[in-house]
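J.: build the 3D model from these lines:
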Amino acid sequence: MKICDIVQSFTARSGGIRTYIHAKQRYLRDLGGHEHVLIMPGAADRTRREHGTTVHEVASPYIPGYRPYRFNVRLDKVARLLAMERPHVIELANPYVMPWAAFHHRRQHPCVVVGYYHADFPEAYVAAPVASVWGQAAGRAAGWLAERYARKVYTSCEFTVTASPSYRRRLDEIGVDRVHEVPLGVDLELFHPRRRDPSVWSRFFPEAPDGPVLAYIGRLDREKQVEVLVEAQRQIPDGVGARLFMMGEGPLRPALQDRAANDPRLAVQTFEADREVVADLLAAADLYVTAGPYETFGLSVLEAQASGLPVVGVDAGALPDRVPSGFGALVAAGDAAAMAAAIVEQLACDPRSRGLAARNWVEREFGWDHVFDRLLELYRDPSPRCRSGDLSLAYATATGTRDR
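T.: As a prediction, this is how the structure comes out:
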(Lines give C-alpha, C1' and ligand atoms only; values in the text may rest on other atoms or scores of the structure.)
Protein backbone atom coordinates (compact mmCIF):
# COMPACT_ATOMS: atom_id res chain seq x y z
CA MET A 1 0.00 0.00 0.00
CA LYS A 2 1.26 3.50 -0.81
CA ILE A 3 0.27 6.08 1.80
CA CYS A 4 0.66 9.80 1.19
CA ASP A 5 0.51 12.41 3.97
CA ILE A 6 -0.11 16.00 2.85
CA VAL A 7 0.88 18.59 5.44
CA GLN A 8 0.10 22.21 4.65
CA SER A 9 2.34 23.78 7.31
CA PHE A 10 5.29 21.72 8.53
CA THR A 11 8.83 22.44 9.70
CA ALA A 12 11.58 20.76 11.68
CA ARG A 13 10.19 22.78 14.59
CA SER A 14 6.59 21.61 14.26
CA GLY A 15 5.10 19.93 17.29
CA GLY A 16 2.50 17.16 17.46
CA ILE A 17 1.98 16.69 13.72
CA ARG A 18 5.72 16.36 13.16
CA THR A 19 5.98 13.78 15.95
CA TYR A 20 3.04 11.86 14.47
CA ILE A 21 4.52 11.85 10.95
CA HIS A 22 7.94 10.72 12.14
CA ALA A 23 6.40 7.94 14.24
CA LYS A 24 4.42 6.79 11.18
CA GLN A 25 7.60 6.79 9.08
CA ARG A 26 9.37 4.54 11.59
CA TYR A 27 6.38 2.22 11.91
CA LEU A 28 5.94 1.73 8.15
CA ARG A 29 9.70 1.30 7.61
CA ASP A 30 9.92 -1.36 10.33
CA LEU A 31 6.72 -3.10 9.22
CA GLY A 32 7.74 -3.34 5.56
CA GLY A 33 5.49 -3.93 2.56
CA HIS A 34 4.30 -0.32 2.33
CA GLU A 35 5.47 2.91 0.71
CA HIS A 36 5.24 6.29 2.41
CA VAL A 37 5.14 9.69 0.71
CA LEU A 38 5.14 13.09 2.42
CA ILE A 39 4.18 16.31 0.64
CA MET A 40 5.14 19.38 2.68
CA PRO A 41 6.06 23.06 2.25
CA GLY A 42 9.71 24.04 1.88
CA ALA A 43 12.10 26.74 0.70
CA ALA A 44 12.28 25.27 -2.82
CA ASP A 45 10.83 22.48 -4.93
CA ARG A 46 12.84 19.34 -4.25
CA THR A 47 12.47 15.61 -3.64
CA ARG A 48 14.54 13.56 -1.21
CA ARG A 49 14.51 10.28 0.71
CA GLU A 50 14.24 10.50 4.49
CA HIS A 51 13.69 7.66 6.99
CA GLY A 52 12.29 5.42 4.24
CA THR A 53 9.89 8.14 3.02
CA THR A 54 9.81 9.97 -0.30
CA VAL A 55 9.57 13.63 0.75
CA HIS A 56 8.34 16.19 -1.78
CA GLU A 57 8.98 19.76 -0.65
CA VAL A 58 6.91 22.42 -2.39
CA ALA A 59 8.29 25.97 -2.48
CA SER A 60 6.04 27.95 -0.15
CA PRO A 61 6.07 31.38 1.53
CA TYR A 62 6.49 32.00 5.25
CA ILE A 63 3.34 32.59 7.28
CA PRO A 64 3.44 36.29 8.31
CA GLY A 65 4.41 36.55 11.95
CA TYR A 66 5.02 32.79 12.25
CA ARG A 67 8.45 32.32 10.69
CA PRO A 68 9.88 29.64 10.15
CA TYR A 69 6.47 28.11 9.33
CA ARG A 70 5.63 28.04 5.63
CA PHE A 71 2.20 27.61 4.05
CA ASN A 72 1.69 25.66 0.84
CA VAL A 73 -1.00 27.05 -1.48
CA ARG A 74 0.21 25.48 -4.76
CA LEU A 75 -2.65 23.19 -5.63
CA ASP A 76 -1.33 22.64 -9.16
CA LYS A 77 2.04 21.41 -7.94
CA VAL A 78 0.50 19.07 -5.37
CA ALA A 79 -1.93 17.72 -7.98
CA ARG A 80 1.01 16.88 -10.27
CA LEU A 81 2.85 15.13 -7.44
CA LEU A 82 -0.22 13.05 -6.63
CA ALA A 83 -0.66 12.12 -10.28
CA MET A 84 2.97 10.98 -10.36
CA GLU A 85 2.84 9.01 -7.08
CA ARG A 86 -0.67 7.50 -7.49
CA PRO A 87 -1.12 6.74 -3.75
CA HIS A 88 -3.72 4.28 -2.49
CA VAL A 89 -4.43 6.43 0.58
CA ILE A 90 -4.11 10.20 1.00
CA GLU A 91 -4.20 11.52 4.55
CA LEU A 92 -4.85 15.24 5.02
CA ALA A 93 -3.22 16.80 8.07
CA ASN A 94 -4.90 20.19 7.51
CA PRO A 95 -8.25 21.28 6.05
CA TYR A 96 -7.24 24.60 4.51
CA VAL A 97 -6.36 24.32 0.80
CA MET A 98 -4.78 20.95 0.05
CA PRO A 99 -7.97 18.84 0.40
CA TRP A 100 -9.07 20.15 -2.99
CA ALA A 101 -5.96 18.76 -4.68
CA ALA A 102 -6.71 15.37 -3.07
CA PHE A 103 -10.37 15.42 -4.11
CA HIS A 104 -9.40 16.38 -7.68
CA HIS A 105 -6.92 13.51 -7.79
CA ARG A 106 -9.51 11.05 -6.47
CA ARG A 107 -11.86 11.87 -9.37
CA GLN A 108 -9.16 10.84 -11.84
CA HIS A 109 -7.44 8.06 -9.87
CA PRO A 110 -9.78 6.44 -7.31
CA CYS A 111 -8.24 6.28 -3.86
CA VAL A 112 -9.18 6.70 -0.22
CA VAL A 113 -8.93 10.24 1.19
CA VAL A 114 -8.70 10.45 4.98
CA GLY A 115 -9.09 13.65 6.98
CA TYR A 116 -7.19 13.97 10.26
CA TYR A 117 -8.65 16.50 12.68
CA HIS A 118 -5.41 17.53 14.40
CA ALA A 119 -6.69 20.92 15.57
CA ASP A 120 -10.01 22.64 16.14
CA PHE A 121 -9.30 25.16 13.42
CA PRO A 122 -12.75 26.87 13.34
CA GLU A 123 -12.26 27.98 16.95
CA ALA A 124 -8.49 28.16 17.40
CA TYR A 125 -7.46 29.61 14.03
CA VAL A 126 -10.56 31.50 12.92
CA ALA A 127 -13.06 32.48 15.65
CA ALA A 128 -10.58 33.32 18.41
CA PRO A 129 -8.15 35.39 16.27
CA VAL A 130 -11.00 37.29 14.58
CA ALA A 131 -12.65 38.00 17.94
CA SER A 132 -9.38 39.34 19.35
CA VAL A 133 -9.22 41.96 16.58
CA TRP A 134 -12.82 42.72 15.59
CA GLY A 135 -14.84 41.62 18.61
CA GLN A 136 -16.94 38.67 19.74
CA ALA A 137 -19.76 39.09 17.20
CA ALA A 138 -17.30 39.00 14.30
CA GLY A 139 -15.54 36.04 15.88
CA ARG A 140 -18.78 34.05 16.17
CA ALA A 141 -19.68 34.79 12.54
CA ALA A 142 -16.24 33.79 11.30
CA GLY A 143 -16.34 30.63 13.42
CA TRP A 144 -19.73 29.68 11.97
CA LEU A 145 -18.40 30.04 8.42
CA ALA A 146 -15.31 28.01 9.33
CA GLU A 147 -17.49 25.23 10.74
CA ARG A 148 -19.47 25.08 7.48
CA TYR A 149 -16.20 24.83 5.57
CA ALA A 150 -14.91 22.09 7.91
CA ARG A 151 -18.13 20.12 7.43
CA LYS A 152 -17.72 20.36 3.65
CA VAL A 153 -14.10 19.18 3.73
CA TYR A 154 -14.43 16.33 6.21
CA THR A 155 -17.71 14.94 4.88
CA SER A 156 -16.01 14.78 1.47
CA CYS A 157 -13.43 12.37 2.90
CA GLU A 158 -14.01 8.62 3.11
CA PHE A 159 -13.68 9.01 6.87
CA THR A 160 -12.13 11.33 9.44
CA VAL A 161 -9.74 10.47 12.25
CA THR A 162 -9.28 12.39 15.48
CA ALA A 163 -7.29 11.51 18.56
CA SER A 164 -9.57 12.67 21.34
CA PRO A 165 -13.13 11.91 22.53
CA SER A 166 -13.73 15.64 23.04
CA TYR A 167 -12.94 16.38 19.40
CA ARG A 168 -14.98 13.47 18.19
CA ARG A 169 -17.88 15.21 19.97
CA ARG A 170 -16.81 18.49 18.40
CA LEU A 171 -16.95 16.99 14.91
CA ASP A 172 -20.40 15.64 15.69
CA GLU A 173 -21.50 19.18 16.62
CA ILE A 174 -20.16 20.48 13.32
CA GLY A 175 -22.07 17.78 11.45
CA VAL A 176 -19.22 15.48 10.37
CA ASP A 177 -20.03 11.76 10.28
CA ARG A 178 -17.82 8.69 9.70
CA VAL A 179 -15.42 9.78 12.45
CA HIS A 180 -12.99 7.37 14.16
CA GLU A 181 -11.10 8.06 17.35
CA VAL A 182 -7.52 6.79 17.21
CA PRO A 183 -5.40 8.04 20.13
CA LEU A 184 -1.87 9.20 19.44
CA GLY A 185 1.07 7.42 21.03
CA VAL A 186 4.37 8.02 22.77
CA ASP A 187 7.86 6.51 22.65
CA LEU A 188 7.79 4.72 25.99
CA GLU A 189 11.52 3.92 25.95
CA LEU A 190 12.63 7.45 25.14
CA PHE A 191 10.31 9.22 27.59
CA HIS A 192 10.95 7.48 30.89
CA PRO A 193 11.35 8.47 34.57
CA ARG A 194 14.72 6.69 34.75
CA ARG A 195 16.25 9.61 32.83
CA ARG A 196 15.66 11.92 35.81
CA ASP A 197 18.72 14.09 36.60
CA PRO A 198 17.83 17.48 38.16
CA SER A 199 21.42 18.68 37.68
CA VAL A 200 20.55 19.56 34.05
CA TRP A 201 18.82 22.73 35.28
CA SER A 202 22.15 24.34 36.15
CA ARG A 203 22.56 24.94 32.39
CA PHE A 204 19.42 27.05 32.18
CA PHE A 205 18.95 28.99 35.43
CA PRO A 206 21.41 31.54 36.88
CA GLU A 207 21.50 29.50 40.07
CA ALA A 208 20.85 25.77 40.34
CA PRO A 209 17.21 25.40 41.49
CA ASP A 210 16.75 24.25 45.07
CA GLY A 211 12.99 24.01 44.58
CA PRO A 212 10.62 22.41 42.06
CA VAL A 213 10.84 23.06 38.32
CA LEU A 214 7.72 23.50 36.20
CA ALA A 215 8.16 22.59 32.53
CA TYR A 216 6.34 23.60 29.35
CA ILE A 217 7.54 22.41 25.92
CA GLY A 218 5.59 23.56 22.88
CA ARG A 219 4.78 26.51 20.68
CA LEU A 220 5.25 29.94 22.22
CA ASP A 221 2.24 31.78 20.86
CA ARG A 222 -1.07 33.21 22.00
CA GLU A 223 -3.04 30.16 20.92
CA LYS A 224 -1.17 28.21 23.61
CA GLN A 225 -1.80 31.04 26.12
CA VAL A 226 1.79 30.83 27.38
CA GLU A 227 1.43 34.24 29.04
CA VAL A 228 -0.96 32.57 31.50
CA LEU A 229 1.83 30.18 32.53
CA VAL A 230 4.23 33.05 33.16
CA GLU A 231 1.65 34.95 35.20
CA ALA A 232 0.73 31.83 37.18
CA GLN A 233 4.38 31.25 38.06
CA ARG A 234 4.69 34.89 39.15
CA GLN A 235 1.75 34.43 41.55
CA ILE A 236 3.24 31.36 43.24
CA PRO A 237 4.56 32.35 46.71
CA ASP A 238 8.32 32.82 46.87
CA GLY A 239 8.54 30.26 49.64
CA VAL A 240 7.56 27.48 47.24
CA GLY A 241 10.69 28.19 45.19
CA ALA A 242 9.08 27.10 41.92
CA ARG A 243 10.83 27.95 38.67
CA LEU A 244 9.35 27.80 35.18
CA PHE A 245 11.22 26.35 32.20
CA MET A 246 9.77 26.96 28.73
CA MET A 247 11.11 25.58 25.47
CA GLY A 248 9.79 26.13 21.98
CA GLU A 249 9.51 28.39 18.98
CA GLY A 250 6.91 31.02 18.16
CA PRO A 251 6.22 34.74 17.90
CA LEU A 252 6.23 35.26 21.69
CA ARG A 253 9.68 33.76 22.26
CA PRO A 254 11.70 37.04 22.02
CA ALA A 255 9.44 38.83 24.51
CA LEU A 256 9.52 35.87 26.89
CA GLN A 257 13.30 35.69 26.69
CA ASP A 258 13.53 39.41 27.47
CA ARG A 259 11.40 38.82 30.54
CA ALA A 260 13.49 35.82 31.60
CA ALA A 261 16.64 37.96 31.46
CA ASN A 262 15.26 39.92 34.43
CA ASP A 263 13.61 37.02 36.28
CA PRO A 264 15.87 34.31 37.74
CA ARG A 265 12.83 32.05 38.25
CA LEU A 266 12.08 31.92 34.49
CA ALA A 267 14.11 30.27 31.72
CA VAL A 268 13.06 30.34 28.04
CA GLN A 269 14.90 28.30 25.42
CA THR A 270 14.48 27.90 21.67
CA PHE A 271 13.17 24.74 20.05
CA GLU A 272 15.29 21.62 20.60
CA ALA A 273 15.36 19.10 17.74
CA ASP A 274 17.17 16.40 19.74
CA ARG A 275 14.42 14.29 21.29
CA GLU A 276 16.89 12.75 23.74
CA VAL A 277 17.49 16.22 25.20
CA VAL A 278 13.74 16.86 25.42
CA ALA A 279 13.24 13.54 27.22
CA ASP A 280 16.01 14.41 29.70
CA LEU A 281 14.43 17.77 30.47
CA LEU A 282 10.96 16.37 31.02
CA ALA A 283 12.22 13.64 33.32
CA ALA A 284 14.19 16.21 35.34
CA ALA A 285 11.14 18.43 35.97
CA ASP A 286 8.69 18.11 38.85
CA LEU A 287 5.44 19.19 37.17
CA TYR A 288 4.27 19.78 33.61
CA VAL A 289 2.13 22.88 32.97
CA THR A 290 0.10 23.91 29.94
CA ALA A 291 -2.55 26.58 29.39
CA GLY A 292 -3.63 26.03 25.77
CA PRO A 293 -7.40 25.48 25.51
CA TYR A 294 -7.44 24.11 21.95
CA GLU A 295 -5.48 20.87 22.22
CA THR A 296 -7.00 18.07 20.13
CA PHE A 297 -4.91 15.45 21.89
CA GLY A 298 -2.10 16.88 24.01
CA LEU A 299 0.92 14.89 22.83
CA SER A 300 3.35 16.92 24.94
CA VAL A 301 1.20 16.09 27.97
CA LEU A 302 1.44 12.39 27.14
CA GLU A 303 5.23 12.64 26.84
CA ALA A 304 5.39 14.39 30.21
CA GLN A 305 3.26 11.68 31.82
CA ALA A 306 5.45 8.98 30.27
CA SER A 307 8.38 10.79 31.90
CA GLY A 308 6.72 10.50 35.30
CA LEU A 309 5.19 13.97 35.72
CA PRO A 310 1.79 15.02 37.00
CA VAL A 311 0.14 17.78 34.91
CA VAL A 312 -1.57 21.07 35.68
CA GLY A 313 -3.56 22.23 32.65
CA VAL A 314 -6.88 23.72 31.63
CA ASP A 315 -10.33 22.17 31.61
CA ALA A 316 -10.74 22.55 27.85
CA GLY A 317 -9.97 20.81 24.58
CA ALA A 318 -8.54 17.32 24.96
CA LEU A 319 -6.96 17.83 28.38
CA PRO A 320 -9.91 16.40 30.37
CA ASP A 321 -9.26 13.15 28.48
CA ARG A 322 -5.48 13.31 29.05
CA VAL A 323 -5.45 14.21 32.76
CA PRO A 324 -7.78 11.89 34.68
CA SER A 325 -8.37 12.37 38.39
CA GLY A 326 -5.26 11.63 40.42
CA PHE A 327 -2.79 12.49 37.64
CA GLY A 328 -2.82 16.27 38.13
CA ALA A 329 -5.31 19.13 38.08
CA LEU A 330 -7.31 21.16 35.55
CA VAL A 331 -8.49 24.75 35.96
CA ALA A 332 -10.52 27.20 33.90
CA ALA A 333 -8.77 28.43 30.76
CA GLY A 334 -7.18 31.86 31.13
CA ASP A 335 -7.25 31.87 34.95
CA ALA A 336 -3.65 32.39 36.08
CA ALA A 337 -4.59 32.64 39.77
CA ALA A 338 -6.40 29.29 39.69
CA MET A 339 -3.46 27.72 37.89
CA ALA A 340 -1.01 29.06 40.48
CA ALA A 341 -3.14 27.61 43.28
CA ALA A 342 -3.36 24.23 41.52
CA ILE A 343 0.40 24.13 41.03
CA VAL A 344 1.02 24.80 44.72
CA GLU A 345 -1.49 22.10 45.66
CA GLN A 346 0.04 19.52 43.33
CA LEU A 347 3.56 20.21 44.55
CA ALA A 348 2.38 19.64 48.13
CA CYS A 349 0.74 16.27 47.32
CA ASP A 350 3.62 13.94 46.49
CA PRO A 351 4.01 14.78 42.76
CA ARG A 352 6.40 11.87 42.16
CA SER A 353 3.82 9.22 43.09
CA ARG A 354 1.15 10.92 40.96
CA GLY A 355 3.57 11.12 38.07
CA LEU A 356 4.43 7.44 38.30
CA ALA A 357 0.73 6.55 38.35
CA ALA A 358 0.35 8.57 35.13
CA ARG A 359 3.34 6.69 33.66
CA ASN A 360 1.68 3.34 34.39
CA TRP A 361 -1.52 4.52 32.68
CA VAL A 362 0.37 5.67 29.58
CA GLU A 363 2.21 2.34 29.35
CA ARG A 364 -1.11 0.49 29.22
CA GLU A 365 -2.85 2.71 26.67
CA PHE A 366 -0.56 4.67 24.35
CA GLY A 367 2.12 2.71 22.48
CA TRP A 368 2.70 3.85 18.86
CA ASP A 369 2.47 0.34 17.37
CA HIS A 370 -1.08 -0.03 18.68
CA VAL A 371 -1.98 3.37 17.17
CA PHE A 372 -0.75 2.57 13.67
CA ASP A 373 -2.06 -1.00 13.70
CA ARG A 374 -5.50 0.53 14.15
CA LEU A 375 -4.92 3.17 11.48
CA LEU A 376 -3.80 0.61 8.90
CA GLU A 377 -6.89 -1.43 9.68
CA LEU A 378 -9.01 1.59 8.78
CA TYR A 379 -7.00 2.26 5.62
CA ARG A 380 -7.45 -1.33 4.46
CA ASP A 381 -11.18 -1.60 5.06
CA PRO A 382 -12.90 1.75 4.56
CA SER A 383 -16.00 0.22 2.95
CA PRO A 384 -18.39 0.55 5.94
CA ARG A 385 -17.39 4.20 6.22
CA CYS A 386 -17.18 5.19 2.59
CA ARG A 387 -18.38 8.59 1.53
CA SER A 388 -20.36 7.23 -1.41
CA GLY A 389 -20.05 5.33 -4.65
CA ASP A 390 -18.43 2.02 -5.46
CA LEU A 391 -17.40 0.44 -2.15
CA SER A 392 -15.54 -2.42 -3.82
CA LEU A 393 -13.45 0.11 -5.74
CA ALA A 394 -12.59 1.97 -2.53
CA TYR A 395 -11.55 -1.26 -0.86
CA ALA A 396 -9.40 -2.28 -3.82
CA THR A 397 -7.82 1.17 -3.82
CA ALA A 398 -6.87 1.04 -0.16
CA THR A 399 -5.43 -2.47 -0.33
CA GLY A 400 -3.48 -1.86 -3.51
CA THR A 401 -5.31 -4.45 -5.57
CA ARG A 402 -6.46 -2.06 -8.27
CA ASP A 403 -4.56 -1.81 -11.56
CA ARG A 404 -1.74 0.72 -11.51
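J.: contacts for the longest helix seen in the chain, please.
T.: Secondary structure of the chain read by DSSP state H shows that its longest helix is helix 136-155. With contact meaning C-beta atoms under 8 Å, 6 or more residues apart in numbering, helix 136-155 is reached by 92, 95, 99, 115, 117, 121-123, 125-128, 130-132, 160, 171, 174-179, 387. Placement of C-beta: from N, CA and C, glycine included.
J.: mean confidence for stretch 348-361?
T.: Across stretch 348-361, the average pLDDT comes to 92.
J.: pull out the buried positions in it.
T.: In terms of neighbour count (16 or more other C-beta atoms under 10 Å), stretch 348-361 has its buried residues at P351, R354, G355, L356, A357, A358, R359, W361.
J.: so which other helices or strands are in contact with whichever helix or strand comes after the longest helix of the chain?
T.: Next helix or strand after helix 136-155 toward the C-terminus (DSSP states H and E): strand 159-162. Strand 159-162 sits against strand 112-116, helix 165-174, strand 179-181, helix 368-380, with contacts defined as 3 or more C-beta pairs under 8 Å, 6 or more residues apart in numbering; DSSP states H and E.
J.: got these as TSV, with mean pLDDT, distance to A336 and mean neighbour count columns?
T.: Formatted as TSV, the helices and strands packed on strand 159-162 follow (pLDDT from 0 to 100; distance: least, C-beta to C-beta, whole Å; neighbours: other C-beta atoms under 10 Å):
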stretch	mean pLDDT	distance to A336	mean neighbour count
strand 112-116	95	32	26
helix 165-174	90	23	17
strand 179-181	93	32	17
helix 368-380	90	34	17
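J.: and these: which comes nearest G317?
T.: Across these, G317 has its closest neighbour in helix 165-174 (6.4 Å, C-beta to C-beta).
J.: can I get the helices and strands packed on strand 159-162 in JSON lines including distance to P209?
T.: JSON lines is the format used below for the helices and strands packed on strand 159-162 (distance: least, C-beta to C-beta, whole Å):
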{"stretch": "strand 112-116", "distance to P209": "39"}
{"stretch": "helix 165-174", "distance to P209": "34"}
{"stretch": "strand 179-181", "distance to P209": "39"}
{"stretch": "helix 368-380", "distance to P209": "33"}
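J.: that older thread, weed out the non-buried ones from the contacts of helix 136-155.
T.: Buried, going by 16+ other C-beta under 10 Å: 92, 95, 99, 115, 117, 121-123, 125-128, 130-131, 160, 171, 174, 176, 178-179, 387, out of the contacts of helix 136-155.
J.: sorry, back to before: and the longest helix of the chain, how far from the chain's centre?
T.: Centroid separation between helix 136-155 and its chain, computed with C-alpha atoms, centre = their mean, to the nearest Å, is 21 Å.
J.: and if you look at stretch 218-230?
T.: Offset of stretch 218-230 from its chain centre (C-alpha atoms, centre = their mean): 15 Å.
J.: quote the end-to-end distance of it.
T.: End-to-end distance for stretch 218-230, by C-alpha to C-alpha, to the nearest Å: 14 Å.
J.: can you check stretch 323-332 too?
T.: First-to-last residue span, stretch 323-332, C-alpha to C-alpha: 14 Å.
J.: report the buried residues of that stretch.
T.: Neighbour-count burial for stretch 323-332 flags V323, F327, G328, A329, L330, V331 (criterion: 16+ other C-beta under 10 Å).
J.: rewinding a little: name the nearest of the buried residues of stretch 348-361 relative to R265.
T.: For the buried residues of stretch 348-361, the minimum distance to R265 (C-beta to C-beta) is 18.1 Å, reached by P351.
J.: next one: that closest one from E377, what distance?
T.: Per C-beta to C-beta, to the nearest Å, P351 is found 38 Å from E377.
J.: out of the helices and strands packed on strand 159-162, nearest to V200?
T.: helix 368-380 (25.9 Å).
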